[in-house]
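Asks: coordinates only, no sequence provided:
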């Protein structure tokens, strides 16, 4: 039904300057919209952001793309499916589709990796999750592209490791599991690296959430071996936390204690969020073992830290944990819970 529009698109396309035609064609690789920064990355090696912005404005004036200037952070552009098909055909004709897809994939892998690192450093993920939602379709397209290019296999592992938290928070466990297994199973993705360690550890957590304890343990033990080989204390702590959580869930409390005690010891030399998580998981284990005093002390330390840092989510979690300790004791009017 869109066929009558093709002559109009063709006419506009033919009147563009070569650089305008080139950008228009390359915009086809986006899924669900894009930003100026993304368009500049896809445009080519020496693309100038101001020139790209001018060309985007021209394409908007010709109604070949649309712009949402009310978007959160920065303007986002979109392309009708009819126009996308036309641009795809032209891009294939000139043999630049694969280059555009590679640039697109590398941009979104870098975006996910950098933004996830910033969110992790701050210990706050709400803003990161909000930012990634409009580009989720682009992330899926980037994942697919990494499976078609040998040079992008490592990028694909980075991508799923960075996106795992997003899929967990959104409840997309099956999607996250499938894509991570795909990325880790590609030829050349088995090299022991920090990115593979992270992806395996996140996959272990997804398996844990899905109740697949054996698979979860297997992934996490491989991740731990890589982390120890790299002598990366942060990664060692993060994997130990997951292993402790797995064994706590399956009732292997002695093994869980070994993992969590080591994570607590190592976390004291790292940033506060690692110690916070290790204390929380050890508190969960102690509560299950019946050591309510020990659990209460760890929960209270985390609550005090969260209050000092103004972390509302941490305060909420700390109060809930202390409330559960009070409930198990029968202390329904705990002073701490009324504060």
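Replies: Structure's in. What do you need? Quick caveat, the model's predicted, so the values are computed rather than measured.
Asks: quick check: the residue lying closest to residue 78 once chain neighbours are set aside vs residue 136, distance?
Replies: Leaving aside its sequence neighbours, residue 78 sits nearest to residue 33 (Cβ to Cβ, 6 or more residues apart in numbering; 4.5 Å). C-betas here are computed from N, CA, C, even on glycine. Between residue 33 and residue 136 the computed distance is 11 Å (Cβ to Cβ, to the nearest Å).
Asks: next: residue 301.
Replies: Look at residue 301 and residue 136: by Cβ to Cβ, they are 37 Å apart.
Asks: helix, strand, or coil at residue 25?
Replies: Put simply, residue 25 is helix when judged by DSSP: H, G, I helix; E, B strand; the rest coil.
Asks: what's the closest non-adjacent residue to residue 328?
Replies: Excluding the flanking residues, the one nearest residue 328 by Cβ to Cβ, 6+ apart is residue 292, at 6.0 Å.
Asks: quick one: contacts for the one you found?
Replies: Contacts for residue 292 (Cβ atoms under 8 Å, 6 or more residues apart in numbering) come out as 286, 325, 328, 329.
Asks: just give me the least confident of these.
Replies: In terms of pLDDT, residue 329 ranks lowest among the contacts of residue 292, with 87.
Asks: skip the chain neighbours and tell me the closest residue to that residue.
Replies: Residue 329 sits nearest to residue 292 (Cβ to Cβ, 6+ apart), 6.0 Å away.
Asks: can you give me the strands in the stretch 51-200 of the chain?
Replies: Assigned strands in the stretch 51-200 of the chain, in chain order: 66-68, 76-78 (criterion: DSSP state E, counting those that start in this stretch).
Asks: pLDDT weak spots in the stretch 51-200 of the chain?
Replies: For the stretch 51-200 of the chain, the stretches with pLDDT under 70 are 71-72, 86-88, 90-95.
Asks: tell me where it has helices.
Replies: Listed in chain order, the helices of the stretch 51-200 of the chain (DSSP state H, counting those that start in this stretch) span 81-93, 97-122, 126-132, 136-146, 153-169, 173-185, 194-209.
Asks: turn the strands of the stretch 51-200 of the chain into TSV, columns for distance to residue 23.
Replies: TSV is the format used below for those (distance: least, Cβ to Cβ, whole Å):
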stretch	distance to residue 23
strand 66-68	14
strand 76-78	11
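Asks: just say which of these is most tucked in.
Replies: Of those, the one with the most neighbours on average (mean count of other Cβ atoms under 10 Å) is strand 76-78, at a mean of 18.
Asks: specify the local secondary structure of the residue nearest to residue 136 when sequence neighbours are not counted.
Replies: Counting by Cβ to Cβ, 6+ apart, residue 32 is the residue found nearest to residue 136 once chain neighbours are left out, at 7.3 Å. Put simply, residue 32 is coil when judged by three-state DSSP.
Asks: I figured residue 32 hits residue 134, correct?
Replies: Yes - using Cβ atoms under 8 Å, residue 32 is in contact with residue 134, at 7.1 Å.
Asks: and the nearest residue to residue 101 once chain neighbours are set aside, how close does it get to residue 268?
Replies: Nearest non-adjacent residue to residue 101, counting by Cβ to Cβ, 6+ apart: residue 145, 4.7 Å away. Residue 145 sits at a distance of 42 Å from residue 268 (criterion: Cβ to Cβ).
Asks: what's the answer for residue 18, then?
Replies: Between residue 18 and residue 268 the computed distance is 60 Å (Cβ to Cβ).
Asks: again with residue 111
Replies: Using Cβ to Cβ, we find residue 111 at a distance of 33 Å from residue 268.
Asks: same question, residue 117
Replies: Distance, residue 117 to residue 268, using Cβ to Cβ: 22 Å.
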